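S.K.: give me coordinates for this.
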Amino acid sequence: MLTGLKKKRFGVAACLILALLALRGLIGYCAGPSKVDVSVFKELKLFADVMDLVQQQYVEKVDTAKLIHGAIKGMLQELDPHSTYMTPDEYKELQVETSGSFGGIGIEITIRNGVLTVVSPLEGTPADRAGLKANDQIIRINGEPTKDISLMQAVKKLRGPKGTKVTITILREGVPRPFDVTITRDIIKIQSVRWRTLEPGYGYVRITSFQSDTSEELEKALDQLEKKNVPMKGLVLDLRNNPGGLLDQAVKVSDEFLDEGLIVYTKGRTKKQQMRFEAHKNKKAHGYPIVVLVNGGSASASEIVAGALQDHNRAVILGEPTFGKGSVQTIIPLHDGSAVRLTTALYFTPSGRSIQAKGIEPDIYVPRIVPKKGEKESENTRGFSIREKDLPKHMEVEKNKDADEKHRIDAETKAILERDNQLRHALDLLKGVNILAKIVTR
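M.R.: Purely as a prediction, here's the structure:
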């Protein structure tokens, strides 16, 4: 005969086993027969025994649902940094985030080697203004250690109403000691596409993240640039510090510059996760040269775009190696309003390269040189020189207004180019391509 305690343990184990059998039956119904691994039942009994011990002997009474939810979170954390369990509230927050507006500091994070790590701050957000950088390690949030924290737990701690403050402790490479950064939360409204003319004929498009309307915004930006710059001689596509976003938008952005061929494909265990995305003939051609800017904060969807354009020899990739997030996460809603974010596949570029933990290597490596405070970057790197116009009593000639207008750059764009050596390299490269094309055709 079973004692009362043993009966209770047996009952819990039996319930868990019956639940597993029901789940197995459902899987078998949906995906065909599957052979049940008997060893799973032994492990479930072990789980039931431990849970029962906690319920009976822990110093305080524990809610059973809390134990089970904690076990689910722990199970998913054992898989990889991006698989996680989301409570109903956390799932709602994720849905709000993809809409492009939420309260927080504006930062993309991941778990790398067990440490909460910044992928990149979103441009123009409190985190960006506070000077956070890609690869910064967040070791404390409001004084609480982040060791063993899940991504969703970290997101929940960093998010909050506009005007409230959060203090994070940063460990940064090259800085000997951790330091605190206090950031005031704001409503994060992500404008995913920005554009400007760098010089007559040369356009610039910055994609900060891949939201639901990114491809539409890109199309509008290109239309405006091409109307303003006739002919369009070249484009800089800036994906630096772009943490990624929606897969379908990465495909559509790539498709905007490709007329045929494979853009990206995925490999997973199930047939559903074996996906291939092909380019289509565009209504409007964009035949000009393209330089894509990337760095260590370019991740996921950004790497898909860079990899596709690089493999098809459609663009020159310039900058620094990308982050290396080449995995696909599928959001699977559960019956109680919660959800599981599960890694289900890996991305591969058209040539078959895996992005995962490798990233995209730029065709031309150009490290970012950050100017000192109050100093233009060009003052650091271009040296000192005297030109004819600097000499006293130099001769002045009548200005050619048409020529000056043709080469005119507005003050804001000029200041951006002076601060950003990578962008200057990209523009110089595009201009060099056009000059060489003229020489070859003579």
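S.K.: show me where the stretch 151-300 of the chain has its strands.
M.R.: With DSSP state E, counting those that start in this stretch as the criterion, the stretch 151-300 of the chain has strands at 165-171, 179-184, 186-189, 193-199, 202-207, 234-238, 262-268, 276-278, 290-294.
S.K.: mean pLDDT lowest where, among those?
M.R.: When mean pLDDT is averaged over each of the strands of the stretch 151-300 of the chain, strand 186-189 scores lowest at a mean of 85.
S.K.: and that one, which strands flank it?
M.R.: Applying DSSP bridges to the sheet, strand 186-189 is found paired with strand 101-104 (antiparallel).
S.K.: pLDDT (mean, whole number) over the strand it pairs with?
M.R.: In this model, strand 101-104 has a mean pLDDT of 77.
S.K.: what are the buried residues along that strand?
M.R.: 102-104 (16 or more other Cβ atoms under 10 Å). Placement of C-beta: from N, CA and C, glycine included.
S.K.: would you turn these into TSV with distance to residue 438?
M.R.: Below are the buried residues of strand 101-104 laid out as TSV (distance: Cβ to Cβ, whole Å):
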residue	distance to residue 438
102	49
103	52
104	49
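S.K.: rewinding a little: can you say which of the strands of the stretch 151-300 of the chain is packed in most?
M.R.: Among the strands of the stretch 151-300 of the chain, ranked by average contacts under mean count of other Cβ atoms under 10 Å, first place goes to strand 290-294 (a mean of 26).
S.K.: would you mind getting the angle between whichever helix or strand comes after that strand and strand 262-268?
M.R.: Tracing the chain past strand 290-294, the next element assigned as helix or strand by DSSP states H and E is helix 301-311. Direction vectors for helix 301-311 and strand 262-268, defined by axes from the mean of the first three to the mean of the last three Cα atoms, to 10 degrees, enclose an angle of 130 degrees.
S.K.: could you point out the longest strand in the chain?
M.R.: strand 339-348 (DSSP state E).
S.K.: what mean pLDDT does that strand get?
M.R.: Averaging pLDDT along strand 339-348 yields 95.
S.K.: now find how far off-centre stretch 102-116 is within its chain.
M.R.: In this view, stretch 102-116 has its centroid 10 Å away from the chain centroid, taken as Cα atoms, centre = their mean, to the nearest Å.
S.K.: going forward can the numbers begin at 38, since that is how I track them
M.R.: Noted, 38 is the first residue going forward, which turns the last one into stretch 139-153.
S.K.: between the two ends of it, how far is it?
M.R.: Taking Cα to Cα, to the nearest Å as the measure, stretch 139-153 stretches 21 Å from start to finish.
S.K.: buried set for that stretch?
M.R.: 139-149, 153.
S.K.: between the longest strand of the chain and helix 338-348, what angle do the directions make?
M.R.: Orientation note: strand 376-385 sits at an angle of 20 degrees relative to helix 338-348 (the same axes, to 10 degrees).
S.K.: what's in contact with strand 376-385?
M.R.: Surrounding strand 376-385, the residues in contact under the criterion Cβ atoms under 8 Å, 6 or more residues apart in numbering are 113, 116-117, 119-123, 128, 131, 189, 301-307, 310-312, 340-341, 363-371, 391-393.
S.K.: out of the residues you listed, which sit inside helices?
M.R.: 113, 128, 131, 189, 340-341 (DSSP state H).
S.K.: just the buried members of the residues you listed?
M.R.: Of the ones in helices among the contacts of strand 376-385, these count as buried by 16+ other Cβ under 10 Å: 113, 128, 189, 340-341.
S.K.: output those in CSV; the columns should cover pLDDT and distance to residue 289.
M.R.: Formatted as CSV, those follow (pLDDT from 0 to 100; distance: Cβ to Cβ, whole Å):
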residue, pLDDT, distance to residue 289
113, 92, 30
128, 85, 25
189, 78, 28
340, 97, 16
341, 97, 11
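S.K.: quick one: which of those is nearest residue 323?
M.R.: Within the set of those, residue 341 lies nearest residue 323; the separation is 18.3 Å, counting by Cβ to Cβ.
S.K.: where does the residue nearest to the closest one when sequence neighbours are not counted land on pLDDT?
M.R.: The spatial neighbour of residue 341 that comes closest, neighbours along the chain excluded (Cβ to Cβ, 6 or more residues apart in numbering), is residue 287 at 4.3 Å. The confidence metric pLDDT takes the value 97 at residue 287.
S.K.: from residue 339, how far off is residue 287?
M.R.: With distances defined as Cβ to Cβ, to the nearest Å, the gap from residue 287 to residue 339 amounts to 8 Å.
S.K.: any residues in contact with both of the two?
M.R.: A shared contact of residue 287 and residue 339, defined by Cβ under 8 Å, 6+ apart, is any residue touching both; here these are 247, 281.
S.K.: next helix or strand past the longest strand of the chain?
M.R.: Using DSSP H and E, the helix or strand that directly follows strand 376-385 along the chain is strand 401-402.
S.K.: list the contacts of that following strand.
M.R.: Applying Cβ under 8 Å, 6+ apart, the contact partners of strand 401-402 are 353-357, 462, 466.
S.K.: from these, which ones fall inside strands?
M.R.: Cross-referencing the contacts of strand 401-402 with the strands (criterion: DSSP E) gives 353-356 as the overlap.
S.K.: would TSV of those with neighbour count be doable?
M.R.: Output for the ones in strands among the contacts of strand 401-402, formatted as TSV (neighbours: other Cβ atoms under 10 Å):
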residue	neighbour count
353	18
354	24
355	20
356	28
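S.K.: ok, so of those, who is nearest residue 292?
M.R.: Of all those, residue 354 has the smallest distance to residue 292: 17.9 Å, by Cβ to Cβ.
S.K.: domain parsing for the chain?
M.R.: Taking automatic domain parsing as the reference, the chain has its domains at 41-99, 138-225, 230-402.
S.K.: return the most buried member of those.
M.R.: Among these - counting mean count of other Cβ under 10 Å - the highest mean neighbour count belongs to domain 230-402, which has a mean of 19.
S.K.: ends of that one, how far apart?
M.R.: In terms of Cα to Cα, the two terminal residues of domain 230-402 are separated by 25 Å.
S.K.: how near is residue 119 to residue 282?
M.R.: Distance check for residue 119 against residue 282: by Cβ to Cβ, it reads 14 Å.
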